[in-house]
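>>> got a predicted structure here, sequence first:
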Amino acid sequence: MPDSYDIAIIGAGPGGYVAAIRAGQLGMKVICIDKNAALGGTCLNIGCIPSKALLDSSELFALAKSRFAENGIRVGDLSLDLKAMMERKNRVVKGLTDGVAFLFKKNHVVFVQAAARLADANRVQLKMAAGKDDVIEAKSIVLATGSAPIALPALPFDGARIVSSTEAIAFDKVPEHLIIVGAGYIGLELGSVWARLGARVTVVEFLPRILPQADAEIASVMHKSLSKQGLELHVATKVTGGSVQGNKVVVTAEGKAGKVQFEGDKVLVAVGRKPVTAGLGLEEAGVKIDERTGQVVVGDNFKTTKHGVYAIGDLIAGPMLAHKAQEEGVAVVENLAGQKTQVNYGTIPSVVYTWPEAASVGLTEEQVKESGRDYRVGKFPFFANGRARCLGETEGLVKLIADAETDRLLGAHIIGPRASELIAETVLAMEFAGSAEDIALTCHAHPTLSEATHEAALAVAKRAIHA
Ligand code: NAD
């Protein structure tokens, strides 16, 4: 008889590991399966966490280089120890992946390192990383295998010159000229890291603007700011091909002015990610995959078309964000335990961890306009915020969009210092179906960056004090 569980979770990324811990908390007998020995999936091992560790380190380097002097701080000759920076990044990752292993033990989650494949009803085959292969049985199976970088057929990954984010967070030397295809999250974040560390960085974006999903005004401020920092941004330019020539790589593209060519020593292809569904035996088991998007099709409570099998995170529709996957991981398990849990997809924040950071929640101004409803906008620039002045970080603004009739918040868009933290207040306000006036009537500590949000809320009713 195979070992039997209440729930089997395939994938130990933010969706899967959070689902496993929650299942353990609810007293379920739970097993989590992942090919990788280190827990945490892409996010902890080769995504969010290592990239943010490098963004934070490189930001310190850039500050020391360009901002210490104006603060009256003199340092001797500044130099980069990239090896030490990478080692620190690895320690941050190890601390967090070990932390998940600890949480698994604490919550009685059984973990096996294996490649999983759906077998007949309620069974999962395990091709073990070490030892004899096995089969387990589970009343419910949750698929949480995440996503992988999309390759460009004209510029296939070779792991050395033409790379994905996985390699671009682990270069052993600063590239002389890094060409980046795609001005989305990965392109702009990793472009910022390597530009701060001394690389020439060229970003080539197919659409007419960077950050195509962001509010247009925010994307425009970001464009100016990154250009000032030295990133060369080419929008409305489609990459059509490329080749490795000795120790150089040549990328060809087509822009408004016709054909262009870029020559660098590395190319980072960051044109999006696709769900990982191969090798899981999904179609054979009756789990439907959308032919166009490659996503697993789910209905109510993340149910796939196969009874007893569920899917969450990057595998299904919606933004490919770790926190969205985590919310879904909790919801699927709580609903299996008989609770009534829902994910509010209207209040999932998104953050680009450049400097300044850009963070948003809800609808962009373009989306509100398109919906045809009347709306009001309140904005407040960081240059008029006392704390931003003290920090010497005066770029950017807070922009709030509210329904003209009800004053209910429809969207919040922040570009500026620590936007990633500031956005939480507006997410909470929207989660409570709050209005701009609710934020305007809330006392904000002085002097803080959050006062810019307060003033933007006041500005919705045209009564900002410091503007
Ligand atoms: P993305 O979707 O954010 O951006 C890809 C960009 O590439 C788009 O702007 C697209 O127009 C452009 N593009 C596509 N084909 C092109 C071509 N031939 N030539 C030029 N440009 C082209 O994707 P990403 O940056 O690869 O990130 C992947 C996923 O990872 C995202 O969906 C994101 O949700 C997630 N992610 C999130 C964060 C974060 O939350 N801070 C950070 C990194 C990644």
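Happy to help now that I have it.
>>> just the strands from the stretch 1-150 of the chain, written as ranges.
3-10, 30-34, 109-118, 123-128, 134-143, 147-149 (DSSP state E, counting those that start in this stretch).
>>> ok, the stretch 151-300 of the chain next?
Under DSSP E, counting those that start in this stretch, the stretch 151-300 of the chain gives strands at 162-163, 177-181, 200-204, 232-234, 238-245, 248-255, 258-264, 266-269, 273-275.
>>> what strands flank the last one, and is each parallel or antiparallel?
If you go by DSSP bridges, strand 273-275 pairs up with strand 147-149 (antiparallel).
>>> what's the answer for the fifth one, then?
Using DSSP bridges, the neighbouring strands of strand 238-245 in the sheet come out as strand 248-255 (antiparallel).
>>> pull out the buried residues from the partner strand.
For strand 248-255, the buried set under the neighbour-count rule, 16 or more other CB atoms under 10 Å, comprises 249, 251-253. Every residue, glycine included, has its C-beta placed from N, CA and C.
>>> list phi and psi for the closest residue to the ligand within the stretch 101-250 of the chain.
Using CB to the nearest ligand atom, G184 is the residue of the stretch 101-250 of the chain that sits closest to the ligand, at 1.9 Å. Main-chain dihedrals, G184, degrees, to the nearest 10: phi -100, psi -150.
>>> pLDDT at it, what is it?
pLDDT, G184: 98.
>>> give me the domain ranges for this structure.
Under automatic domain parsing, the residue ranges defining each domain of the chain are 3-149+274-344, 162-271, 356-460.
>>> so what's the gap between the shortest one and the chain middle?
In terms of CA atoms, centre = their mean, to the nearest Å, the gap separating the centre of domain 356-460 from the centre of its chain is 21 Å.
>>> got it, and stretch 145-153?
The answer for stretch 145-153 is 14 Å, by CA atoms, centre = their mean.
>>> dump the residue contacts of D6.
Taking CB atoms under 8 Å, 6 or more residues apart in numbering, we find D6 in contact with 23, 28-30, 138-140.
>>> setting aside sequence neighbours, what's the nearest residue to it?
M28 (4.0 Å; CB to CB, 6 or more residues apart in numbering).
>>> so that neighbour sits against E334, correct?
No - in this structure, M28 is not within contact of E334 by CB atoms under 8 Å, at 10.8 Å.
>>> before we move on, the earlier item: so which of the domains of the chain is nearest L155?
Nearest to L155, of all the domains of the chain, is domain 162-271, at 4.4 Å by CB to CB.
>>> how about the domains of the chain in JSON lines, adding distance to A467?
Output for the domains of the chain, formatted as JSON lines (distance: least, CB to CB, whole Å):
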{"stretch": "domain 3-149+274-344", "distance to A467": "26"}
{"stretch": "domain 162-271", "distance to A467": "16"}
{"stretch": "domain 356-460", "distance to A467": "6"}
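>>> of the strands of the stretch 151-300 of the chain, which is nearest D120?
Here strand 273-275 is closest among the strands of the stretch 151-300 of the chain (CB to CB), at 23.7 Å.
>>> who in this protein is up against the ligand?
Contact residues, the chain versus the ligand (CB under 6 Å from any ligand atom): 152, 181-187, 189, 204-207, 212, 238-239, 270-273, 319-321, 350-353.
>>> ok, 5 Å please
Proximity of the chain to the ligand (CB under 5 Å from any ligand atom) is limited to residues 181-182, 184-186, 205-207, 212, 238-239, 270-273, 320.
>>> give me the buried subset of those.
Applying 16+ other CB under 10 Å to those flags 181-182, 184-186, 205-206, 239, 270-271, 273, 320 as buried.
>>> okay, A20 and A461: tell me how far apart.
Distance, A20 to A461, by CB to CB, to the nearest Å: 47 Å.
>>> the two - which one has more neighbours?
A20 (33 against 14; other CB atoms under 10 Å).
>>> how about that one, what does it touch?
So A20 contacts 9, 12, 30, 32, 104, 107, 109, 329 (CB under 8 Å, 6+ apart).
>>> I'd like the residues you listed laid out as JSON lines, including distance to L197, neighbour count and pLDDT.
Output for the contacts of A20, formatted as JSON lines (distance: CB to CB, whole Å; neighbours: other CB atoms under 10 Å; pLDDT from 0 to 100):
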{"residue": "I9", "distance to L197": "38", "neighbour count": "33", "pLDDT": "98"}
{"residue": "A12", "distance to L197": "31", "neighbour count": "33", "pLDDT": "98"}
{"residue": "V30", "distance to L197": "42", "neighbour count": "28", "pLDDT": "98"}
{"residue": "C32", "distance to L197": "36", "neighbour count": "28", "pLDDT": "98"}
{"residue": "F104", "distance to L197": "35", "neighbour count": "20", "pLDDT": "98"}
{"residue": "N107", "distance to L197": "39", "neighbour count": "17", "pLDDT": "98"}
{"residue": "V109", "distance to L197": "38", "neighbour count": "27", "pLDDT": "98"}
{"residue": "G329", "distance to L197": "35", "neighbour count": "29", "pLDDT": "98"}
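>>> which of these lies closest to A404?
G329 (37.5 Å).
>>> what about the spatially closest residue to that closest one that is not a sequence neighbour, how many residues nearby?
Of all residues beyond its chain neighbours, the one nearest G329 is A19 (3.4 Å), with distances taken as CB to CB, 6+ apart. A19 has 33 neighbours, counted by other CB under 10 Å.
>>> what's the separation between A19 and A433?
28 Å.
>>> still on that earlier bit, farthest pair in the residues of the chain next to the ligand?
Of all pairs drawn from the residues of the chain next to the ligand, the greatest distance, 22.3 Å, lies between K238 and M320 (CB to CB).
>>> spatially central residue for this structure, please.
In the chain, the residue lying closest to the centroid (CA atoms, centre = their mean) is L321, at 4.7 Å.
>>> ok, that residue touching V343?
No - counting by CB under 8 Å, L321 stays clear of V343, with 11.8 Å between them.
>>> distance of L44 from R209?
31 Å.
>>> more neighbours: which of the two?
Remark: of L44 and R209, L44 carries more neighbours, 26 against 16, as counted by other CB under 10 Å.
>>> these two touch, right, that one and V100?
Yes - taking contacts as CB under 8 Å, L44 lies within contact range of V100: 7.1 Å.
>>> any shared contact partners between the two?
With CB under 8 Å, 6+ apart as the test, L44 and V100 reach no residue in common.
>>> isn't G396 right up against A384?
No - using CB under 8 Å, G396 makes no contact with A384, being 11.4 Å away.
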